[in-house]
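Chemist: Below is the structure, and that's it, no one-letter string:
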Ligand code: SF4
Ligand code: SF4
């Protein structure tokens, strides 16, 4: 074979002086990096994905992992990645799959946005002593209210409110389906969301009975494949989300390989066992905003207009215009998913090259909705690459009502962002259905970790708000005056509508 | 910083400006000499039916004709003149203050519920955004705003405030912290019938500005108080909320308090926060808003700025300092400190 094999990516070494030959690494690495040869453990570093499971489980800290130093002839254009992708495709003739988010070294715009703080003339607020309000309602809001006065001077509200989701924090957990992740992982997320007073998405469809106790915290998704969708499913959710696109792979559908469709997944998603579950790229009944509006309304009709309906789209070049259309479709919230969004599996070329950053997308969407006078009529949820409380705060200052986190919640449960989720062997029991691996994840404990993470970020957001002299999240939303751009070019400052530092 | 004082005579009797000048000057240390101003309701009885447009011109010769032409398209100028001013050693004329008494032609903006007011609002925004060197800073009927960059007593002497008579007075002494001190940036801010004085910094300005601009208002004065005037116009005039509801929207109760309310009240407050969350004002502030029917004072939700109210007979006073009120009226019937977010309302009978 002319192309030969590509060099290893990582090198695993066992410090033989420390190793006590307990064999936990052999048990823990689902990729078969370690094996017994007689009474000796041997290592095949080629299999390693850098998931860190063996390291975390080794009682003697005997394992070390390093990127394998392999000097290709240095070249600024023909990087190692570029060349290896070609070798692999020349051999296989296939699309390269990848998991998790975009790995291009593009600087996150969030890191070039700096938050404001009060000094002297305007006191900062101490969240430990003063009320700090992060409660967030997601859904349609009336653009104006009408009151009437009764003859005896009482005031009556005449405007009727449409149903909204009430969140105690502006942080929700995005959609990860049972199938893409394990039931234990989904249960842990559900427990976490429940503990933190927020919501999470079911992903592409179906709700496993184990999740029923948390159904009031669930947003049920309707994707193009319509898996698991029936009226019972819709009614179980606190809200419904129509998935049009996803930040990690805008313009393409979903694919759950047949191997992951075990009996349980088959039941939940209402598909035959072992068959591939393919959500096509388009919804075959949606070819225009009018069609979308019809689906929005039929879902509302099916649930007696009691549930907010979200529409999720990937951040792409004309995302603002699309969001404005969605605002007019009776949808209650638009979810915009940026190009750093994670995924269980996507063609690498999509994951790394399609879409736009969430920061720019949110700014553009918020501005467009304002220009059209419909910003109040729809909530905006930002997702795709939210890494910490500062990102949350900045996303809200740019115009989001709330954020979805995905990868961050998985990391809270152990995920090491190894990017091999699509192989179904996730060593942390997250992106896998293999029972022995799934059993590694304790929903109780990991649910607590997820809730802790959301609590911690929520406290940090309050501190950041307090420092800026703001005690209600409504006053942070779209408040771009509280942001300054550092080392951003003029064009980007314009899109974000923020001033440069010092101005 | 900043000092505010306001008074309404609920019987509608007019008061001259000499006392309020004294009261405002008493609070000199709350200012920096970079802005002071007065607003009075009832000052132009002879033109009570016309909109009194006060305009700062940088240059009369080149700019004024643009404003004249624009006004003539939209109505009739009944009378116009330079506002009499008297330069002193501390206050030189930077802009030329001019006043027009203008009657809009309602037929030119049919289909809106209040065409005259919409024409005037449109003209204010139009002039302020498109005619460089002209700034309309007062536009109500029978109302005048008089302001400049200077100390309270110098600004009062510059306009001879004591010669004007009104049944509502607002006055403000400015200590600019976020924007430069300039004539347009001095308070009161006015649009149509609404005038606002404000002590504080509105940390939600970015949100409020983008909210109000989505309704077609344009913020041109680089200060947070302008946005308050427009918010009040939107809520009270366009959306028809009464004072109490409007204040509820601008400084709503905390969720904990809302949660504890009886069902009906709870729903109403929830609706207000949902619909008007972006109008909510944050940061330390004490504000008095006036229209021809009265004044309404309120502070931020945790009262980070002082606000005090007092009554004597028909007169209701709202100020940053009791001493300023006592400077106008030493013998008061009642003095009290309103709670955070609780409006103090004085209506003209
Ligand atoms: S894949 Fe994970 S468990 Fe296996 S060797 Fe690599 S780091 Fe260790
Ligand atoms: S979910 Fe599992 S497979 Fe995917 S990146 Fe995280 S650790 Fe790796």
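Modeler: Alright, I've got the coordinates. Because the structure is a prediction, the values reported are computed rather than measured. Numbers count the residues shown, from 1 in each chain, chains lettered A, B, ... in the order given. Ligands and ions are numbered 1, 2, ... in the order given.
Chemist: ok, residues contacting the helix or strand bottoming out on mean pLDDT in chain B?
Modeler: Using mean pLDDT, DSSP states H and E, helix B:224-232 stands out as the lowest-scoring helix or strand of chain B, at a mean of 87. For helix B:224-232, contacts defined as Cβ atoms under 8 Å, 6 or more residues apart in numbering or on different chains pick out B:178, B:187, B:189-191, B:194-198, B:201-202, B:205, B:208-209, B:211-212, B:217, B:219-220, B:246, B:250, B:279, B:281, B:287, B:289. Where C-beta positions appear, they are placed from N, C-alpha and C, glycine not excepted.
Chemist: Among those, which lie within helices?
Modeler: B:205, B:208, B:209, B:211, B:212, B:246, B:250 (DSSP state H).
Chemist: Any chance of TSV for those, columns neighbour count, pLDDT and distance to residue A:126?
Modeler: TSV is the format used below for these (neighbours: other Cβ atoms under 10 Å in any protein chain shown; pLDDT from 0 to 100; distance: Cβ to Cβ, whole Å):
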residue	neighbour count	pLDDT	distance to residue A:126
B:205	24	94	22
B:208	27	95	24
B:209	24	94	27
B:211	26	95	27
B:212	22	94	30
B:246	25	91	29
B:250	26	94	23
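Chemist: Same list, the contacts of helix B:224-232, but only the ones touching chain A.
Modeler: The residues of the contacts of helix B:224-232 that also fall near chain A, by Cβ under 8 Å from any Cβ of the partner chain, are B:178, B:201, B:205, B:209, B:211, B:281.
Chemist: now that we're looking at the residue of the stretch 101-250 of chain B found nearest ligand 2, which residues does it contact?
Modeler: Across the stretch 101-250 of chain B, the shortest distance to ligand 2 (Cβ to the nearest ligand atom) belongs to residue B:207, at 36.7 Å. By Cβ under 8 Å, 6+ apart, the contact list for residue B:207 reads A:474, A:475, A:476, A:477, A:478, A:479, B:278.
Chemist: hmm, back to that, are any of the contacts of helix B:224-232 buried, and which?
Modeler: For these, a burial check counting by 16 or more other Cβ atoms under 10 Å in any protein chain shown picks out B:187, B:189-191, B:194-198, B:201-202, B:205, B:208-209, B:211-212, B:217, B:219-220, B:246, B:250, B:279, B:281, B:287, B:289.
Chemist: show me where pLDDT drops low in the chain?
Modeler: In the absence of a named chain, this looks at chain A. Low-confidence segments of chain A, defined by pLDDT under 70: A:1-3.
Chemist: please go with chain B instead
Modeler: For chain B, residues meeting the criterion pLDDT under 70 lie at B:178-179, B:222.
Chemist: Enumerate the residues of it near ligand 1.
Modeler: On the criterion Cβ under 6 Å from any ligand atom, ligand 1 has no neighbours in chain B.
Chemist: mind listing the helices in chain B by residue range?
Modeler: Going by DSSP H, chain B shows helices at B:18-26, B:60-74, B:115-130, B:152-159, B:205-213, B:224-232, B:243-250, B:255-259, B:263-276, B:322-328.
Chemist: buried set for the shortest one?
Modeler: Using 16+ other Cβ under 10 Å as the test for burial, helix B:255-259 gives B:255, B:258.
Chemist: Need the contact partners of it.
Modeler: Applying Cβ under 8 Å, 6+ apart, the contact partners of helix B:255-259 are A:131, A:133, A:135, B:252, B:266, B:269, B:270, B:273.
Chemist: How about the first one?
Modeler: In this structure, residues lying in contact with helix B:18-26 by Cβ under 8 Å, 6+ apart are B:3, B:5, B:7, B:36, B:38, B:151-153, B:156, B:161-162, B:169, B:171-173, B:319, B:321, B:323-325, B:327-328.
Chemist: Could you check the angle it makes with helix B:152-159?
Modeler: 140 degrees (axes from the mean of the first three to the mean of the last three Cα atoms, to 10 degrees).
Chemist: buried ones in helix B:18-26?
Modeler: So helix B:18-26, judged by 16+ other Cβ under 10 Å, has buried residues B:19, B:20, B:21, B:22, B:23, B:24, B:25, B:26.
Chemist: distance between the ends of stretch A:328-335?
Modeler: Separation of the first and last residues of stretch A:328-335 by Cα to Cα, to the nearest Å is 15 Å.
Chemist: near chain B, anything from it?
Modeler: No - using Cβ under 8 Å from any Cβ, stretch A:328-335 stays clear of chain B, coming no nearer than 11.9 Å.
Chemist: What parts of the stretch 51-200 of chain A come near chain B?
Modeler: Contact residues, the stretch 51-200 of chain A versus chain B (Cβ under 8 Å from any Cβ): A:118, A:121-123, A:125, A:130-131, A:133, A:135, A:137, A:141-147, A:155, A:157, A:159, A:161, A:164.
Chemist: Walk me through the domains of chain A.
Modeler: Chain A breaks down into these domains under the TED database: A:10-94, A:165-460.
Chemist: Spell out, range by range, the helices that occur in the stretch 1-150 of chain A.
Modeler: Per DSSP state H, counting those that start in this stretch, the stretch 1-150 of chain A carries helices over the ranges A:24-28, A:53-57, A:80-92.
Chemist: mind checking which of the ones you listed is nearest ligand 2?
Modeler: helix A:53-57 (8.0 Å).
Chemist: sorry, back to before: in a markdown table, list the helices of the stretch 1-150 of chain A along with mean neighbour count and distance to residue B:31.
Modeler: As requested, the helices of the stretch 1-150 of chain A are exported to a markdown table (neighbours: other Cβ atoms under 10 Å in any protein chain shown; distance: least, Cβ to Cβ, whole Å):
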| stretch | mean neighbour count | distance to residue B:31 |
| --- | --- | --- |
| helix A:24-28 | 18 | 70 |
| helix A:53-57 | 19 | 63 |
| helix A:80-92 | 14 | 63 |
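Chemist: Just give the closest residue to the residue most central in space within chain A, not the sequence neighbours.
Modeler: Among the residues of chain A, the one closest to the centroid is residue A:406, at 3.0 Å (Cα atoms, centre = their mean). The shortest distance from residue A:406 to any non-neighbouring residue, by Cβ to Cβ, 6 or more residues apart in numbering or on different chains, is to residue A:174 (4.3 Å).
Chemist: What is whatever helix or strand the one you found lives in packed up against?
Modeler: If you go by DSSP states H and E, residue A:174 is part of strand A:171-175. Packing partners of strand A:171-175 (3 or more Cβ pairs under 8 Å, 6 or more residues apart in numbering or on different chains; DSSP states H and E): helix A:183-196, strand A:200-201, strand A:218-222, strand A:402-405, helix A:443-467.
Chemist: Using CSV, lay out these together with distance to ligand 1.
Modeler: CSV is the format used below for the helices and strands packed on strand A:171-175 (distance: least, Cβ to the nearest ligand atom, whole Å):
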stretch, distance to ligand 1
helix A:183-196, 17
strand A:200-201, 27
strand A:218-222, 31
strand A:402-405, 24
helix A:443-467, 18
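Chemist: quick one: which of the ones you listed is nearest residue A:435?
Modeler: Evaluated with Cβ to Cβ, those place helix A:183-196 nearest to residue A:435, the distance being 10.1 Å.
Chemist: tell me what the closest one is packed against?
Modeler: When contacts are defined as 3+ Cβ pairs under 8 Å, 6+ apart, helix A:183-196 packs onto strand A:171-175, strand A:200-201, helix A:407-412, helix A:435-438, helix A:443-467.
Chemist: list the buried ones in it?
Modeler: A:183-196.
Chemist: does it come close to ligand 2?
Modeler: No - on the criterion Cβ under 6 Å from any ligand atom, helix A:183-196 is out of touch with ligand 2, staying 8.1 Å away.
Chemist: Please enumerate the strands of the stretch 1-150 of chain A.
Modeler: Ranges of strands in the stretch 1-150 of chain A, per DSSP state E, counting those that start in this stretch, are A:10-14, A:34-37, A:40-43, A:63-67, A:97-98, A:113-115, A:136-138, A:147-149.
Chemist: for the stretch 301-450 of chain A, same thing?
Modeler: Under DSSP E, counting those that start in this stretch, the stretch 301-450 of chain A gives strands at A:309-314, A:333-337, A:346-347, A:379-383, A:402-405.
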